[in-house]
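Novice: Starting from these lines, generate the structure:
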Amino acid sequence: MGAQAQAQAELEAALLTAHNLQHTERLIRQHVEQVDGADFTVPEFDEGLEWINTDGPLRLHTDLSGKVVVLDFFTYCCINCMHLLPDLHALEQKYSHEDGLVVVGVHSAKFPNEKVLENIQSAILRYNITHPVVNDADANLWHELQVTCWPTLVILGPRGNRLFTLVGEGHREKLFSFISVTLKYYKEKGKIKDQGIKLKLYKDSLPPSSLFFLGKIAVDNSTGNLAIADSGHHRILVIEKHGQVRYSIGGKKSGWKDGSILEATFNSPQGILMKDNIIYVADTENHAIRKIDLTTEKVSTIAGTGVQGTDKEGGKMGVKQSISSPWDLAFGSIGHAEHNLLFIAMAGTHQIWVIFLEDGKLPGGTEYKKGTCVRFAGNGHEENRNNSYPRKAGFAQPSGLCVAPREWNCLFVADSESSTIRSVSLKDGAVKKLVGGERDPMNLFAFGDRDGIGMNAKLQHPLGVAWNEKTKLLYVADSYNHKIKVINPKTKQCTTLAGTGKASNVIGPNFKQATFNEPGDVCVGENGNVLYVADTNNHQIKVLDLERETVSVLPVTFVDAVDSSQSIKPKKGSRLPKSAVSVQQTPLVVRPCQTLQFHLKIELPEGAKLTEGAPSFWALWAEDHEWLFVGQKIDGEIVNLENEIVFVVPAQVQTNELVLSIDVCLYFCNDDKKCQMKGISFKQPLEFSSTCEEIISTVDLPFNF
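Specialist: Numbering: from 1, shown residues only. This next block holds a predicted model:
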């Protein structure tokens, strides 16, 4: 490996002097020609390894022969590995298997929990990884190729010969140049084979779930309502304490769009806070902080540019300030004003940041204007370093925050990669250890599962913390130990509250018999009597009654929710009530010129009838596709429940697919003269073929009240 490393070092030095793109590509080609003649062949994958997203094991020197292969050495807890995934996705979009490129994820675990196949499968779902992944649980390939850190990319030529190595994140331009030149070089030599790779995506084998990889949970103490980051569905849910969804904001597809709650989009949101009708969201993969105002029904961005930043100081206003993978949020108060600060667990830069919700200052006296987003604590290096000076302290992927007021006046931090719980003083910014870890600030492998005091207690990648003002105790989602733990900050005693340490989904008659699967957050509710748990890999919200010591699952129901999961808003002026039900229709493949006859199949409650003279109506709409309705009737009165709504697909379509919204508003009364207004929004996905054909098809729109 020494000769290959030396050759790449010479290439890296030469690239620093490149004058333009042509010069860069010429230097890369010279490097490929040089190392292609050397014997840098990578050994075959071991027999018996576990593979994901494939029909079976892949062999490097048979299945992948004739391909340029990118080996992505990663571990799923690592934020830097997550940052690399968009680059790999874009690379795979540009070059297919038939073009000669194959990306293979090599999962070499840091934590024992990450060696388990089922947990890796969950991570692949969560991060939407669609290329083959091999479980290098014993790190044999890692050691064979002398990999030293996550993430590392090793690029191989078509006979399994090592060409390049890229360490860390932030090499997108270089990665694309390496691949472009390499593919061109080997195609000219006739060494690239165009056969495909048999994929069998793990996600295709699973049924749909109403919740999908929950992030964080927040409680509005004034109403008891919950706000939940349904991260895998890229949306925010507002839920009544009994499980009824009031709002579903965002879509099942990722995006970054402000505006009405019916059209706003998110990308894997994690952290969330709720107070009255305002919700703050750590929109993690959009690298932004968002604000949802339920009164005005608007979503806005208050920090972040939508692109991952590298700034470790901050100080700019709002959307001018780039940030990196915000993971959690907490309200804070410095001075006399309440909740004048919004703290951010900035996992991507291993720091704690803050947004000023009002003019104010940090410990040390620096004044900041409302809207400023700036570093509060952390030097930006990934380490477990405590210090009286907040900017000299070091964190390792902080992922959970909560504030303990009054006698403590501090911020508690779940520092996931150091497997510790830390405190940050809101008086002077001093960073101190609470439990977990060890004294060496550079040792990020001091993890385990042990109750105890201070550093004698051991955690494994904790992601969430919650302060209970009633009991004066701190609750912890000890994620990779699949447990909920509780800490007495005065004694630093850390004990297991619930969970057995095994990943499963047992509700159990009591705390000790209940089980979890990588719980991602905890949140105190019901005046300190209840602990809500985001049981992330079980796709559930579990409710721990702290007085009775019982565990239950919150039954989440979507009836009458304001649902924007398809990022579609009703036609302006359609006047659907906020409680309108969203009904997802089966997708249809349609042709240009085709006529669709939508038949209402609505059953009113027993004894109920449409109110004569009331303005019951239907309306058609599709966001940003006004061309669809040119020359067509797009709304009308409903006089009976046998209405037929006719829609003709235009001869010239402008997209491959869209969602047509058929909105129905009904006024009806029962025999007791009790009258209601109800709305239904039927979401009809349409996929367009290319051939115009004048045919007529009927589509039923069924619904029972």
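
Novice: Does residue 173 belong to a helix, a strand or coil?
Specialist: Under DSSP: H, G, I helix; E, B strand; the rest coil, residue 173 falls in the helix class.

Novice: number of nearby residues for it?
Specialist: Each residue near residue 173 was counted by other CB atoms under 10 Å, and the total is 10. C-beta: built from backbone N, CA, C; applies to glycine.

Novice: residues contacting it?
Specialist: With CB atoms under 8 Å, 6 or more residues apart in numbering as the criterion, no residue contacts residue 173.

Novice: Could you check how far it is from residue 89?
Specialist: As judged by CB to CB, to the nearest Å, residue 173 and residue 89 stand 16 Å apart.

Novice: Start from the N-terminal end of the stretch 251-400 of the chain and give the strands.
Specialist: Applying DSSP state E, counting those that start in this stretch to the stretch 251-400 of the chain gives strands spanning 259-260, 272-275, 278-283, 288-293, 298-303, 314-317, 326-332, 341-346, 351-356, 360-361, 367-368, 372-377, 398-404.

Novice: Return the most buried member of the ones you listed.
Specialist: Mean neighbour count, computed with mean count of other CB atoms under 10 Å, is highest for strand 341-346 among the strands of the stretch 251-400 of the chain, reaching a mean of 28.

Novice: now the strands of the stretch 251-400 of the chain in a markdown table, with mean pLDDT and distance to residue 485?
Specialist: Converted to a markdown table, the strands of the stretch 251-400 of the chain look like this (pLDDT from 0 to 100; distance: least, CB to CB, whole Å):
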| stretch | mean pLDDT | distance to residue 485 |
| --- | --- | --- |
| strand 259-260 | 91 | 41 |
| strand 272-275 | 96 | 22 |
| strand 278-283 | 98 | 23 |
| strand 288-293 | 97 | 29 |
| strand 298-303 | 97 | 32 |
| strand 314-317 | 96 | 32 |
| strand 326-332 | 97 | 17 |
| strand 341-346 | 97 | 19 |
| strand 351-356 | 97 | 22 |
| strand 360-361 | 89 | 34 |
| strand 367-368 | 92 | 35 |
| strand 372-377 | 97 | 24 |
| strand 398-404 | 97 | 12 |
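
Novice: Please convert the ones you listed to TSV, extending it with distance to residue 580.
Specialist: Below are the strands of the stretch 251-400 of the chain laid out as TSV (distance: least, CB to CB, whole Å):
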stretch	distance to residue 580
strand 259-260	14
strand 272-275	23
strand 278-283	21
strand 288-293	19
strand 298-303	18
strand 314-317	37
strand 326-332	30
strand 341-346	32
strand 351-356	34
strand 360-361	41
strand 367-368	42
strand 372-377	36
strand 398-404	36
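
Novice: do you know which of these lies nearest residue 652?
Specialist: In terms of CB to CB, the element of these nearest to residue 652 is strand 259-260, at 28.1 Å.

Novice: Give me the neighbour count for residue 21.
Specialist: When neighbours are defined as other CB under 10 Å, residue 21 has 9 of them.

Novice: again, but for residue 29
Specialist: Each residue near residue 29 was counted by other CB under 10 Å, and the total is 14.

Novice: And residue 688, how far from residue 657?
Specialist: 7 Å.

Novice: Equivalent analysis for residue 408, please.
Specialist: 53 Å.

Novice: These two: which has the busier surroundings?
Specialist: residue 408 (17 against 11).

Novice: surely the more buried one meets residue 489?
Specialist: Yes. The pair residue 408 / residue 489 is scored as a contact, 6.6 Å apart, by CB atoms under 8 Å.

Novice: So for the two, which residues contact both of them?
Specialist: By CB under 8 Å, 6+ apart, the residues touching both residue 408 and residue 489 are residue 423.

Novice: worst-scoring helix or strand of this protein, pLDDT-wise?
Specialist: strand 562-563 (a mean of 68; mean pLDDT, DSSP states H and E).

Novice: mind exporting stretch 289-309 as PDB, just the C-alpha atoms?
Specialist: Output in PDB follows, covering the C-alpha atoms of stretch 289-309 (Å, rounded to 0.1, in the frame of the first residue of the first chain):
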ATOM      1  CA  ILE A 289     -33.700  25.900  11.400                       C
ATOM      2  CA  ARG A 290     -37.300  26.300  10.400                       C
ATOM      3  CA  LYS A 291     -40.300  28.000  12.200                       C
ATOM      4  CA  ILE A 292     -43.900  26.800  11.900                       C
ATOM      5  CA  ASP A 293     -46.600  29.300  12.900                       C
ATOM      6  CA  LEU A 294     -49.800  27.400  13.300                       C
ATOM      7  CA  THR A 295     -51.800  30.700  13.700                       C
ATOM      8  CA  THR A 296     -50.800  32.000  10.300                       C
ATOM      9  CA  GLU A 297     -50.300  28.400   8.900                       C
ATOM     10  CA  LYS A 298     -46.900  29.500   7.500                       C
ATOM     11  CA  VAL A 299     -43.400  27.900   7.500                       C
ATOM     12  CA  SER A 300     -40.300  30.000   7.300                       C
ATOM     13  CA  THR A 301     -36.500  29.500   7.600                       C
ATOM     14  CA  ILE A 302     -34.800  31.400  10.400                       C
ATOM     15  CA  ALA A 303     -31.200  30.100   9.900                       C
ATOM     16  CA  GLY A 304     -29.300  28.200   7.300                       C
ATOM     17  CA  THR A 305     -28.900  28.300   3.600                       C
ATOM     18  CA  GLY A 306     -30.100  24.800   2.700                       C
ATOM     19  CA  VAL A 307     -26.500  23.800   2.000                       C
ATOM     20  CA  GLN A 308     -24.100  22.300   4.500                       C
ATOM     21  CA  GLY A 309     -21.800  24.900   6.000                       C
END
